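Colleague: Here is my input, please return the structure:
(one chain, ligands or ions: 1)
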Amino acid sequence: MSLVKNFFIALSNNAFLNNTAKKVGPSLGANKVVAGSTIDEVVETIKALNRKNISVTVDNLGEFVNNRQDAIAAKEAILDVMKAINDHQLDAHMSVKLSQLGAEFDKVLAYENIYDIVAKAKSYHHMHINIDTEKYDSLFDITQTLDRLKSEFSNVGTVIQAYLFKADVLIDKYPDLRLRLVKGAYKESPYIAYQDKDEIDQNYIRLIEKRLLTAKNMTSIATHDHRIINHVKQFIDDHHIDKSKVEFQMLYGFRSDLAESIANEGYQFTIYVPFGDDWFGYFMRRLAERPQNLTLALKEFVKPKTIAILGCVGLSTLLFSLLYRKK
Ligand SMILES: Cc1cc2nc3c(=O)[nH]c(=O)nc-3n(C[C@H](O)[C@H](O)[C@H](O)COP(=O)(O)OP(=O)(O)OC[C@H]3O[C@@H](n4cnc5c(N)ncnc54)[C@H](O)[C@@H]3O)c2cc1C
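Modeller: Residues are numbered from 1 along each chain as shown. Next up is the predicted model:
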């Protein structure tokens, strides 16, 4: 993994920077990839995408939840978004993280929270709830949660990270669930995950093909990689895969022209729309994936509004690298 990638992943994990950035609101270019701070703003974004025949999965951003009150507040905030989606009859569902619901300090509470969300979603015309995958340490919690929920609900699914050696096990385990397939966004050990980009890409393609041939539910191919998208389209044609059982997904603000052209070709398309004040970790992971995304931030550098947070980020980064070098 490159130094640049390590650097941005480390920033994404820094609680102080995340909390500082929260006070400022989406900034440094993050406002191009985060759809505002309020439900009204995200509703407008969803409406605009729906008009283009594009569905949405909403992420009410939240990181570093480490107390009961914040975990319950996160659940309530997610329920509010779901209500807005239902009230406005939008074509949208939710992506949630178990860490946001308390899984890092109280697994029982996290389960109660996700249960309430999935149960409410069911009452909203079976709205889908996707449990996003995070660091490998939390994967066991996700599978345990899914195993309990899926005996009662069919409107829940998760994400398979192709960099994991054990991704195959999950594909085999959940043919009946709606699954999103991604390359994987976190820094993982070479003992459990491929590190080489080509190896990850090859495994990703292999897993997509396996899933498309065995799935009994929707498969979401979530990537900005046009080479992989083209390969998948060809595979769908060659193997007569039912197009109602497969969709492409991209993140809000990235490759919008490509997303629209794929949707216009008749493929189902969903955009992952994050919103809220807790934007920093999400944005740093996007910079880690593709340092060219820094151009989003560079365009904002000249604006005076960003100077305060830049100073803070710069100072903290310096402190962080000094500490890091000592280890
Ligand atoms: C909808 C969605 C949901 C996700 N959910 C999760 C999750 O739950 N857990 C998780 O770990 N990860 C998640 N991810 C992140 C994912 O794991 C990858 O880290 C991320 O998508 C980057 O990989 P990529 O497949 O887009 O292509 P990359 O490997 O980043 O890029 C491959 C190639 O595609 C082209 N390309 C990529 N981006 C651009 C661009 N912006 N402009 C022009 N060309 C570009 C370039 O040629 C590049 O070399 C999600 C991603 C998406 C899209």
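Colleague: can you confirm residue 56 is in a strand?
Modeller: Yes - assigned with DSSP: H, G, I helix; E, B strand; the rest coil, residue 56 falls within a strand.
Colleague: Excluding chain neighbours, what is closest to it?
Modeller: Spatially, and ignoring its direct neighbours in sequence, residue 56 is nearest to residue 92 (4.1 Å; Cβ to Cβ, 6 or more residues apart in numbering). The C-beta positions use only the backbone N, C-alpha and C, and glycine is treated the same way.
Colleague: Am I right that residue 95 falls within a strand?
Modeller: Yes - checked against three-state DSSP, residue 95 lies within a strand.
Colleague: what pLDDT does residue 231 get?
Modeller: Listed pLDDT for residue 231 reads 98.
Colleague: That one reaches residue 205, doesn't it?
Modeller: Yes - applying Cβ atoms under 8 Å, one finds residue 231 in contact with residue 205, separated by 6.1 Å.
Colleague: And residue 139, which helix or strand is it part of?
Modeller: Under the criterion of DSSP states H and E, residue 139 resides in helix 139-149.
Colleague: Briefly note if that helix comes near the ligand.
Modeller: No - counting by Cβ under 6 Å from any ligand atom, no contacts exist between helix 139-149 and the ligand, the nearest distance being 9.9 Å.
Colleague: How about residues contacting that helix?
Modeller: 98, 103, 107, 110-111, 114-115, 118, 131, 133, 156-158, 164, 170, 173-174, 177 (Cβ atoms under 8 Å, 6 or more residues apart in numbering).
Colleague: Near the ligand, list only the ones from those residues.
Modeller: residue 133.
Colleague: Can you name the residues of the chain that neighbour the ligand?
Modeller: Where the chain comes near the ligand, counting by Cβ under 6 Å from any ligand atom, the residues are 132-133, 159, 161, 182-186, 222-225, 249-251, 254-255, 272, 289-290.
Colleague: Drop anything exposed from those.
Modeller: Buried members of the residues of the chain next to the ligand, counted by 16 or more other Cβ atoms under 10 Å: 132-133, 159, 161, 182-186, 222-224, 249-251, 254-255, 272, 289.
Colleague: Residue of the stretch 1-150 of the chain nearest the ligand, please.
Modeller: residue 132 (3.5 Å; Cβ to the nearest ligand atom).
Colleague: Regarding the protein, what is its longest strand?
Modeller: Ordering each strand of the chain by length in residues (DSSP state E) puts strand 268-275 first.
Colleague: Let me know the average pLDDT across it.
Modeller: The pLDDT scores in strand 268-275 average 97.
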